[in-house]
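S.K.: sharing a model prediction with you, sequence too.
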Amino acid sequence: MDANPVLVDVWRGALVESRHRGALAVVDADGHVVVALGDVERPVFPRSAVKLLQALPLVASGAADRFGLTDDELALACASHSGEPAHVRTAAAMLAKAGLDAGALECGVHWPSREAVQHAMAAAGEAPGALHNNCSGKHAGFVCLGCLMAAARGADARTFVRGYVRRDHPVMREVTAALQAATGFDPATAPLGTDGCSIPTYGIALSRLALGFARVATGTGLSAAHAAAARRLRRAVASAPFMVAGTDRFDTRVMQRLGERVCCKVGAEGVYCAALPARGLGVALKVDDGATRAAEVAMAAVIDALATLDDDERAFVRDLAEPRLVNWNGLEVGALRATDALRATLAAAV
């Protein structure tokens, strides 16, 4: 197999110090490939990049309405958040609306990713819990879906949702079916792994992930219920972008500035997906070495090329596409930059 092309260069002074290879697919809702760089048919684990697709049943089932979930709460269901106090409170509120608490979460425990929050908690003698997990909002959404399913079966909610992370649990079957409907991947033959938050993760080609997000962008190819759910989730994310990531995070900054024109979501190991509703396009990329910093630069280059931006917005996005590298004394020592080849390919697609 040929090596994937270099998408992002890391400059120190006048020398390219490191290079990040990867693959990129941009697809419309009819499945037409607008951009294909590298091997876009090789399965990759999308990880957290597909949280919006995994949240479709939360809305389509009626669970979001049944429990009165707000835009903040729906955005958190699509989030990889930083574990800041507002994120923790919102996840707890989702569970409370379903009549449960953090004990129902099966995502595991880790410290918040935002250092200021870590330091404040440590100074106060506080330990992290499941609500601090970056996936707690997604899992709270799974629990809400499970509680609705339990009620339909006349089952005890806490008992029914137990084990919802298993592939054969009714909640996870519904989540997988939504992912399959959006992307067209086959869970029976796809590579299978376990995500960091313990749910199944399936190997899906970038071309199919991009198709799924083009469908999210337009509703084309989705059932009426999933199309309506996608529209509602996109609007929730645009209205509450802080909930999707957090302070100074790429996804939050982009959607705070650009609103519904870009719905983007990072995944672990250098995966990124996005929906561009005005263009009717979906985007999926994977940086081979798993570097999130390079995935962000590549996604910024995509947004710069394919989103409709005014001059100030374009300057904002180009800063994200060429982040400066600063040393411990505050001196600028280099930058990350999307390669000329990546920019040229994207420009040709406009």
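M.R.: Ah, there it is.
S.K.: so residue 15 bridges to which residues?
M.R.: residue 12 (DSSP bridges).
S.K.: separation between it and residue 331?
M.R.: With distances defined as Cβ to Cβ, to the nearest Å, the gap from residue 15 to residue 331 amounts to 16 Å. Every C-beta, even on glycine, is put in place using the N, C-alpha and C of the backbone.
S.K.: what of residue 12?
M.R.: 12 Å.
S.K.: again with residue 269
M.R.: Taking Cβ to Cβ as the measure, residue 269 and residue 331 are separated by 31 Å.
S.K.: who has more neighbours, the two?
M.R.: residue 269 (19 against 8; other Cβ atoms under 10 Å).
S.K.: nearest spatial neighbour of that one, skipping sequence neighbours?
M.R.: residue 290 (3.9 Å; Cβ to Cβ, 6 or more residues apart in numbering).
S.K.: what about that neighbour, how many neighbours?
M.R.: Applying other Cβ under 10 Å, we find 14 residues neighbouring residue 290.
S.K.: do the same with residue 137
M.R.: Residues lying near residue 137 (other Cβ under 10 Å) number 30.
S.K.: swap in residue 84?
M.R.: 20.
S.K.: in the longest helix along the chain, which residues are buried?
M.R.: In the chain, assigned by DSSP state H, the helix with the most residues is helix 136-153. Along helix 136-153, these residues count as buried under the neighbour rule (16 or more other Cβ atoms under 10 Å): 136-150.
S.K.: next helix or strand past that helix?
M.R.: helix 157-161 (DSSP states H and E).
S.K.: which elements pack onto the next helix or strand after that next one?
M.R.: Moving toward the C-terminus from helix 157-161, the next helix or strand (DSSP H and E) is helix 170-183. For helix 170-183, the packing partners by 3 or more Cβ pairs under 8 Å, 6 or more residues apart in numbering; DSSP states H and E come out as helix 51-54, helix 56-60, helix 136-153, strand 200-202, helix 206-218, helix 224-239.
S.K.: any chance of the ones you listed in JSON lines, with mean pLDDT too?
M.R.: As requested, the helices and strands packed on helix 170-183 are arranged in JSON lines below (pLDDT from 0 to 100):
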{"stretch": "helix 51-54", "mean pLDDT": "98"}
{"stretch": "helix 56-60", "mean pLDDT": "98"}
{"stretch": "helix 136-153", "mean pLDDT": "98"}
{"stretch": "strand 200-202", "mean pLDDT": "97"}
{"stretch": "helix 206-218", "mean pLDDT": "98"}
{"stretch": "helix 224-239", "mean pLDDT": "98"}
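S.K.: can you add distance to residue 169 and give these back as a markdown table?
M.R.: Rendered in a markdown table, the data for the helices and strands packed on helix 170-183 read as follows (distance: least, Cβ to Cβ, whole Å):
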| stretch | distance to residue 169 |
| --- | --- |
| helix 51-54 | 14 |
| helix 56-60 | 13 |
| helix 136-153 | 8 |
| strand 200-202 | 10 |
| helix 206-218 | 22 |
| helix 224-239 | 20 |
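S.K.: so which of the ones you listed comes closest to residue 168?
M.R.: Comparing the helices and strands packed on helix 170-183 against residue 168 with Cβ to Cβ, the closest turns out to be strand 200-202 (9.7 Å).
S.K.: tell me what that closest one is packed against?
M.R.: Under the contact rule (3+ Cβ pairs under 8 Å, 6+ apart), strand 200-202 is packed against helix 170-183, strand 192-194.
S.K.: in this structure residue 211 contacts residue 29, no?
M.R.: Yes - using Cβ atoms under 8 Å, residue 211 makes contact with residue 29 at a distance of 7.5 Å.
S.K.: list residues touching both of those two?
M.R.: When contacts are counted by Cβ atoms under 8 Å, 6 or more residues apart in numbering, the set common to residue 211 and residue 29 consists of 221, 282.
S.K.: picking that back up, which of the helices and strands packed on strand 200-202 is buried the deepest?
M.R.: helix 170-183 (a mean of 21; mean count of other Cβ atoms under 10 Å).
S.K.: how far off helix 206-218 does it point, in degrees?
M.R.: With axes from the mean of the first three to the mean of the last three Cα atoms, to 10 degrees applied, the angle from helix 170-183 to helix 206-218 works out at 90 degrees.
S.K.: and helix 170-183, C-alpha only, in PDB?
M.R.: Extracted C-alpha coordinates of helix 170-183, given in PDB (Å, rounded to 0.1, in the frame of the first residue of the first chain):
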ATOM      1  CA  PRO A 170     -30.700  -3.000  23.400                       C
ATOM      2  CA  VAL A 171     -29.300   0.600  23.800                       C
ATOM      3  CA  MET A 172     -26.100  -0.200  22.000                       C
ATOM      4  CA  ARG A 173     -27.900  -2.100  19.300                       C
ATOM      5  CA  GLU A 174     -30.000   1.100  18.600                       C
ATOM      6  CA  VAL A 175     -26.900   3.300  18.600                       C
ATOM      7  CA  THR A 176     -25.100   0.900  16.200                       C
ATOM      8  CA  ALA A 177     -28.100   0.800  13.900                       C
ATOM      9  CA  ALA A 178     -28.100   4.600  13.700                       C
ATOM     10  CA  LEU A 179     -24.400   4.600  12.900                       C
ATOM     11  CA  GLN A 180     -25.000   2.000  10.200                       C
ATOM     12  CA  ALA A 181     -27.900   3.800   8.700                       C
ATOM     13  CA  ALA A 182     -25.900   7.100   8.400                       C
ATOM     14  CA  THR A 183     -22.700   5.600   7.000                       C
END
